[in-house]
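[1] can't give you the sequence, but here's the structure:
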């Protein structure tokens, strides 16, 4: 059971903006890592774009399961995991991350933010903490 990506996005009027993301591509071949990460970023943005405000969904994309939660205020989170990772845990993680993010990052910064300008460093820690390590 693995988590590959945890992203926070903003579903704005013209388009979806990636605000912050963390990736674990260590299980992939070194030469594939950049393209896998790009695929995960693109997929996260596409899923949020196609989701309604106030909705939760799990979408299968290739061998991954993408869990998305779009809040009514436009803040969205996406977890990309393998098929075995428990769905309930993914949505609990998304709730926790989006609540914390909205407390730490001003809502004024969401429409114009980018990974370089948003100061929120907890995603890597959450991705690591919720990773299920084989015994």
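    Received, thanks. Small disclaimer: the values here were computed from a predicted structure and weren't measured. Numbers count the residues shown, from 1 in each chain.
[2] host element of residue 21?
    strand 16-23 (DSSP states H and E).
[3] which one is residue 7 nearest to, not counting chain neighbours?
    Closest residue to residue 7 apart from its sequence neighbours, by Cβ to Cβ, 6 or more residues apart in numbering: residue 21 at 4.1 Å. In short, each C-beta sits where N, CA and C put it, glycine included.
[4] what number of residues lie near the one you found?
    19 (other Cβ atoms under 10 Å).
[5] got the contact list for it?
    Under the criterion of Cβ atoms under 8 Å, 6 or more residues apart in numbering, the contact list for residue 21 reads 5-8, 41, 44, 115, 123.
[6] so residue 113 sits in a strand?
    No: applying DSSP: H, G, I helix; E, B strand; the rest coil, one finds residue 113 to be coil, outside a strand.
[7] give me the low-pLDDT residue ranges for this protein?
    By pLDDT under 70, the weakly predicted segments of the chain are 133-135.
[8] mind jotting down where the strands sit in it?
    Secondary structure of the chain, counting by DSSP state E: strands at 3-11, 16-23, 55-61, 64-70, 75-82.
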